[in-house]
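give me the fold of what follows.
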Amino acid sequence: MATLLSALLALALMLAFYRYATTSLTSEVMAAGGRVASEVERHEAFATPLAEHSDRNLQVVDPRGLVVASTAQLQGKPVMAPFGPDSKNIAHSVVCGGVFPSRGCQIVVAQSAHTRAGNWIIYSSSPKIPPYVDPWLATMVAGVAVLLAAAMTLLGYRIANAALKPVTAIRAELDKINETCPERRVPYPPVQDEVHDLADSVNRTLARLQAAMEQQRAFTSDASHELRSPIAAIRAEIEDALLAPEETSVPTVGNTVLSSVGRLEAIVDDLLTIARQDRGRLVEHEPVDLPELVTEVCGRRPHPSKRFEYELERGVVVIGDRARLSHLLANLIDNAERHATSTITFRVRHVTSPKRDAQRFPNGIAVLEVIDDGTGIDPGKRELVFHRFARLDTARDRGAGGTGLGLPIARQIAEAHGGTLQIEDYPQGTRFVLRLPSASRR
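The predicted structure follows:
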C-alpha cells in the first residue's frame, strides 16, 4: 500500500511538472513568434536571425502563402503546420513529423501579422517536452518516492506493532486462563482507545463466565447434597433391617424407603426441568385463559390440604405454553400448601400497563396472585427463595417437603414468557405475584 501511494504521488508530481513545463514552453514559443509578428506589422520586415534559441524554429509566410523566411533547420521546406491562426489571431498545437528533423513532435504556434498588403502568418515551434520532463528530475522524484515508501512502511510497521502490543498481551493472558484460574483478567492498555474497550469487554465476559462457573459448581454441590440425604436415609433403613430383621417388617421398610424414593424422584424431576429450562427450550405460543387454567390446575389436586378461595376476573388471556404455565402454577400451589395455615387465595385480573412498561406489555398485564395465610417471609429474604436449593431459617425448610427448586423453576418459566414472578407485601402470609403480557382484548 505504501509503495502504491508513493507511486501515485510521484506520478502526480511528474504530471504537474509536465503540465507546468509544457505551459511555460508554449508561452516562450508564442513570445518568440510574437516578436517577429510585431516587427512585420510595424515595418513589413523582420530582423535576422529569426530565433534567439537554437531549439526554436520560425517561419514567416506572406499573404500569398509563400514561406519568405525561416530558421536554418527549415530552409527550403514548406509550411510547418497545416493550420493557421483562429479568430483570435493565434493558435497552437502539437505537430509530429512532417518538416521537422528526425520526424519528432514539436509544439507549433501560429500568429497573424496584419499589414496593408494583407495578413502574414508567423509560425514558431520548439521540441515537445517528454513526459519525464528531464532525466534528472525524473530520477529525483523516483528516488524520493522510494524513500517515502520505505519510510511509510517502516512507520506503519512501528505503529501497527505498537498498536497490537496490547492485543498480544491480551491474547497471551487469555491463553493462560482456564477452569483452574477463572478469576484472572486481561490487562488494560494505558491509552483509552478501542483496544481498551476490547479489554473491558473481554474482562466483563470473563466475569460473567466466572459467575456462571461458580453458579454451576454451587448447583452441582447443592444437588449432590440434596440427593445424598434421601440416599443416606434409604441406606440406613436397609442396614437397620438387615442387622435386626426380627425388629422390623417388609411393609415398614418399604414405606420408609418409598418416602425417600419419592423425594429422590421429585429432586431428579426438578433437576431435569431445570436442565431443559437452561437449554432454552422454545415456548409454545397459544392462547391460554388464565382463570380457566387456575381452576383446572387446582381441580387436578386429589386431596388439597388447604381451602382454596378464588377471585377471578373472566376473559384474562395470555399467549404462552399451557403445559409450562400449568407447571408454574402447580409449583406455586405446592409451596403455598406447605406453608399456609388454612387458606390459599387465587386472584386473576387484567391491568393497564404503566408508561414505563408499555413496550414490554403493549396489551396490558395479566396478573395472577397466589396468597397463603402462613407466617410469611422477611422482606430481606424474599429474593433468596428463588435461588436454587435455597433454605430459610424458618418453617420453610427441608422438613416441609420441598426440593428447593420449585420456585426457581416457576420464575424461569415466567421470564421465558416475558413476565415476572416476585413476592410482594401482604398484611398476613405470603403473596406471590405473577405478571404476564396480556393477549390483545377484543
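
now do the SS call for residue 369.
strand (DSSP: H, G, I helix; E, B strand; the rest coil).

just give me the neighbour total for it.
18 (other CB atoms under 10 Å). All C-beta atoms are positioned from the backbone trio N, CA, C, and that covers glycine.

for it, list the residues it contacts.
Listed by CB atoms under 8 Å, 6 or more residues apart in numbering, the contact partners of residue 369 are 345-348, 431-434.

most neighbours among those, which one is it?
That'd be residue 434 among those, by other CB under 10 Å, with 26 neighbours.

quick one: that residue is in a strand?
Yes - counting by three-state DSSP, residue 434 falls inside a strand.

quick check: the gap between it and residue 415.
11 Å (CB to CB, to the nearest Å).

which residues are in contact with both of these two?
residue 421.

what does stretch 335-346 contact?
Here stretch 335-346 has contacts from 294, 298, 304-312, 333, 368-375, 395-396, 400-402, 406-407, 429-430, 432, using CB under 8 Å, 6+ apart.

filter these to the buried ones?
With burial judged by 16 or more other CB atoms under 10 Å, the buried subset of those is 294, 298, 306, 308, 312, 333, 368-374, 396, 402, 406-407, 429-430, 432.

just the ones in strands from those, please.
308, 312, 368-372, 430, 432 (DSSP state E).

residue 36 and residue 49 touch, don't they?
No - judged on CB atoms under 8 Å, residue 36 makes no contact with residue 49 at a distance of 10.5 Å.

following the strand or helix carrying residue 16, which helix or strand shows up next?
Counting by DSSP states H and E, the element that carries residue 16 is helix 2-43. Next in sequence after helix 2-43, counting helices and strands by DSSP H and E, comes strand 57-61.

alpha carbons of that next one, as PDB, please.
What follows is strand 57-61, C-alpha atoms only, in PDB (Å, rounded to 0.1, in the frame of the first residue of the first chain):
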ATOM      1  CA  ASN A  57      12.100  27.200 -35.400                       C
ATOM      2  CA  LEU A  58      10.300  30.100 -37.100                       C
ATOM      3  CA  GLN A  59       8.700  30.600 -40.500                       C
ATOM      4  CA  VAL A  60       7.300  33.800 -42.000                       C
ATOM      5  CA  VAL A  61       4.500  33.200 -44.500                       C
END
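
show me the two of the ones in strands among the buried ones among the contacts of stretch 335-346 that sit farthest apart.
312 and 430 (19.8 Å; CB to CB).

in the stretch 51-200 of the chain, which spans are helices?
Counting by DSSP state H, counting those that start in this stretch, the stretch 51-200 of the chain has helices at residues 135-176, 194-243.

least confident secondary structure element in the protein?
helix 250-278 (a mean of 74; mean pLDDT, DSSP states H and E).

what angle separates that one from helix 194-243?
170 degrees (axes from the mean of the first three to the mean of the last three CA atoms, to 10 degrees).

show me what helix 250-278 is packed up against.
For helix 250-278, the packing partners by 3 or more CB pairs under 8 Å, 6 or more residues apart in numbering; DSSP states H and E come out as helix 194-243, helix 406-416.

what's the following helix or strand past that helix packed up against?
Moving toward the C-terminus from helix 250-278, the next helix or strand (DSSP H and E) is strand 286-289. When contacts are defined as 3+ CB pairs under 8 Å, 6+ apart, strand 286-289 packs onto strand 317-320, helix 322-339.
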